[in-house]
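In: I need the structure of the sequence given here:
(4 chains)
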There are 2 protein chains.
Amino acid sequence: MDVWTIRDVARRCGLSEPTLRYYEDIGLIGPIGRDASGHRQYDAADLDLIGALSCLRATGVSIGDMRTYKANLANREETAAEQRDLLLRHAERIEAEIVAQHARLGYLRAKAAVWDARDHADGVAEAEAWQAVKEAAQHLGFH
Amino acid sequence: MDVWTIRDVARRCGLSEPTLRYYEDIGLIGPIGRDASGHRQYDAADLDLIGALSCLRATGVSIGDMRTYKANLANREETAAEQRDLLLRHAERIEAEIVAQHARLGYLRAKAAVWDARDHADGVAEAEAWQAVKEAAQHLGFH
DNA sequence: TCACACACCTCAAGCGCTTGAACACAAGCA
DNA sequence: TGCTTGTGTTCAAGCGCTTGAGGTGTGTGA
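Out: Residues are numbered from 1 along each chain as shown, chains lettered A, B, ... in the order given. Below you'll find the model as predicted:
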């Protein structure tokens, strides 16, 4: 098995089929080969690139940065440090994002507790839950 | 101070000014009061709602779900359980997202190590780093 | 052999914002 | 008094996809 359908690639790389077509449209990948009836056939090299881009995308990297990354692949030696820095910058973004997600999780759970107390018409629990909401909101940086 | 400008609200609630205008356009919030020269003036009730919606948004809740949430505020007693469940469903999504972010972080760092090794023309380190990339990619569920 | 499912195709529109252009008003300074 | 600065306004276009409509080609079962 040395070629894959768009469906295979979507599953393996975690991108949707329309996204794969879109990336080809804008020249971020491909051009991808076609079979006799016009269906796309992805090869191993396509998969490699798409896998890497998919990770970048999942971390919030812009299409512009993905283009840079791809372009840099051509002349590895000169751009290695730049590639490393691009990846590390986005690693930092992810770290910050994880912290933010924890804060949001706390807020959501606290707020759910408020509604749960309301559902059980438990005024005491509701008051306590409100307190937790306020604290959670502080971590979110607003309210 | 019992009214706020759009700028204040954007800062306090973590939404951009255009987003606040957009939410008003589509009827998710407001209509917001205006001063003599047409500038928006948000009051405490607006802030309450916007703060809650902002959290929902930050956790990936769709505008449709936000509308539901807002509509349910009107008849609290009947919908308390629904509100709680909406929030808890999204808390679960966040938990999954945090796990995914950790996987992406591992991948980015591993890949950065590969480029760092290349930058230093260190073949041994590069080979080790590739191994780490492969393991990290496994956690991402593809490659 | 004909019907049907199914996986793919293209093209257009929609979504949830963001960005940019062009303008209005209010306060502070030369 | 006019000029600049700052903060707001509206409207239109762009971004990065997603969704949906409508069509094509291949394979299987009756």
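In: only C-alpha atoms from now on, for both contacts and neighbour counts.
Out: Will do.
In: break chain A into its domains for me.
Out: Segmentation of chain A into domains, based on automatic domain parsing, reads A:1-74, A:87-143.
In: what segments of chain A are strands?
Out: Remark: strands assigned in chain A by DSSP state E are A:33-34, A:40-41.
In: each with direction, which strands does the last one pair with?
Out: What that stands for is strand A:40-41. Note on strand A:40-41: by DSSP bridges, its sheet partners are strand A:33-34 (antiparallel).
In: among the domains of chain A, which is the most enclosed?
Out: By mean neighbour count, with neighbours taken as mean count of other C-alpha atoms under 10 Å in any protein chain shown, domain A:87-143 ranks first of the domains of chain A at a mean of 19.
In: just to revisit the earlier point, TSV please, covering the strands of chain A and showing distance to DNA strand D and mean pLDDT.
Out: Formatted as TSV, these follow (distance: least, C-alpha to the nearest atom of the strand, whole Å; pLDDT from 0 to 100):
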stretch	distance to DNA strand D	mean pLDDT
strand A:33-34	12	96
strand A:40-41	12	97
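In: could you dump those strands into JSON lines with distance to B:Gly64 added?
Out: Below are the strands of chain A laid out as JSON lines (distance: least, C-alpha to C-alpha, whole Å):
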{"stretch": "strand A:33-34", "distance to B:Gly64": "39"}
{"stretch": "strand A:40-41", "distance to B:Gly64": "35"}
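In: out of those strands, the one nearest A:Asp8 is which?
Out: With C-alpha to C-alpha, the closest approach to A:Asp8 among the strands of chain A belongs to strand A:40-41: 10.0 Å.
In: so is stretch A:49-62 next to chain B?
Out: Yes: Stretch A:49-62 comes into contact with chain B (C-alpha under 8 Å from any C-alpha of the partner chain), by way of A:Gly51, A:Cys55, A:Leu56, A:Ala58, A:Thr59.
In: okay, who's weakest in the residues you listed by pLDDT?
Out: Scanning the residues of stretch A:49-62 next to chain B for pLDDT, the low point is A:Thr59. It has 77.
In: and A:Gln46, what does it touch?
Out: No, residue A:46 isn't Gln; it's Asp. By C-alpha atoms under 8 Å, 6 or more residues apart in numbering or on different chains, the residues touching A:Asp46 are A:Ile29, A:Gly30, A:Ile32.
In: list just the nearest of those residues to DNA strand C.
Out: Closest to DNA strand C out of the contacts of A:Asp46 is A:Ile32 (8.7 Å), distances taken as C-alpha to the nearest atom of the strand.
In: next, that closest one: phi, psi?
Out: Phi and psi for A:Ile32, reported as degrees, to the nearest 10, are phi -90, psi 140.
In: OK, contacts around it?
Out: A:Glu24, A:Arg40, A:Gln41, A:Tyr42, A:Asp46.
In: in space, what's closest to A:His139 - neighbours in sequence excluded?
Out: Distances taken as C-alpha to C-alpha, 6 or more residues apart in numbering or on different chains place A:Ala103 nearest to A:His139, at 5.8 Å, with adjacent residues excluded.
In: my read: A:Leu88 touches B:Ala110, true?
Out: No: the criterion here is C-alpha atoms under 8 Å, and A:Leu88 misses it with B:Ala110 at 9.8 Å.
In: can you give me the helices in chain A?
Out: All helices of chain A, identified by DSSP state H, fall at A:6-13, A:17-25, A:44-58, A:63-74, A:76-119, A:123-140.
In: distance of the residue nearest to the spatial centre of chain A from B:Ala80?
Out: Chain A has A:Ala58 as the residue nearest its centroid, 2.0 Å off, counting by C-alpha atoms, centre = their mean. Distance, A:Ala58 to B:Ala80, using C-alpha to C-alpha, to the nearest Å: 34 Å.
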